[in-house]
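Engineer: Sharing a model prediction with you, sequence too.
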Amino acid sequence: DQQVKQNSPSLSVQEGRISILNCDYTNSMFDYFLWYKKYPAEGPTFLISISSIKDKNEDGRFTVFLNKSAKHLSLHIVPSQPGDSAVYFCAASARDDKIIFGKGTRLHILP
Amino acid sequence: KAGVTQTPRYLIKTRGQQVTLSCSPISGHRSVSWYQQTPGQGLQFLFEYFSETQRNKGNFPGRFSGRQFSNSRSEMNVSTLELGDSALYLCASSQVTDTQYFGPGTRLTVL
């Protein structure tokens, strides 16, 4: 049973436009959510996180939105740049429990 | 600070053999988690060690085991290798927060 779902395996966005990556979760005990970015042949790198007490967290071009009632979070990248082409993993955890990752969304930034 | 290091980076084994992978966490990090990444399943949690104790475990068979040493370095062992064990094995370390820092991974190929 997938507790963290990224339903879009891939996404293509024009350079300069907004990229929106979506993630749904099923476990209402999750209280901390993270996004990681992964380039080929490298380990994932932490991008941004959000606690369940917030509904938005912003860091430069990256903003994460959390909708607890819908059990949905999204990552917005504005403006999208060529270096943003990567696989993005959504992850969630409950206090003191393991972090569960989604299967990832491959983002292609088109010139 | 040096990042998370994993050795070896690449490994080729045959079915039935066993393998040991090593992970050195960021200095000061006491938690080490292991993940398996495959194209179809994304990042799947194997286990987490904290202060030499296994704190969490994923849904993998007993052929997958690990341990953590007093200096926080961790090893993962897979016995009786199967073709399906071919994957990228990622190690991640953290302090007490949920943000994990990943190593570059060990690419295991089972022939």
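Structural biologist: Structure received.
Engineer: Quickly note the distance from the residue nearest the centre of chain B to residue B:47.
Structural biologist: For chain B, the residue sitting closest to the mean C-alpha position, by C-alpha atoms, centre = their mean, is residue B:34 at 3.5 Å. Distance, residue B:34 to residue B:47, by C-beta to C-beta, to the nearest Å: 6 Å. The C-beta positions use only the backbone N, C-alpha and C, and glycine is treated the same way.
Engineer: Please enumerate the shared neighbours of the two.
Structural biologist: Common neighbours of residue B:34 and residue B:47, counting by C-beta atoms under 8 Å, 6 or more residues apart in numbering or on different chains, are residue B:66.
Engineer: in what helix or strand does residue 88 lie?
Structural biologist: No chain in the question, so chain A it is. Using DSSP states H and E, residue A:88 sits in strand A:86-93.
Engineer: oops, I was thinking of chain B
Structural biologist: strand B:87-94.
Engineer: What does the closest residue to residue B:34 other than its chain neighbours show for phi and psi?
Structural biologist: Using C-beta to C-beta, 6 or more residues apart in numbering or on different chains and skipping residues adjacent in sequence, the residue nearest residue B:34 is residue B:46, 4.1 Å away. Per-residue torsions, residue B:46: phi -100, psi -60 (degrees, to the nearest 10).
Engineer: coming back round to it: could you list every helix and strand that whatever helix or strand comes next after the strand holding residue B:88 packs against?
Structural biologist: Later in the chain than strand B:87-94, the nearest helix or strand by DSSP H and E is strand B:101-102. If contacts are counted by 3 or more C-beta pairs under 8 Å, 6 or more residues apart in numbering or on different chains; DSSP states H and E, strand B:101-102 sits against strand A:45-51, strand B:87-94.
Engineer: Perfect, I'm done here.
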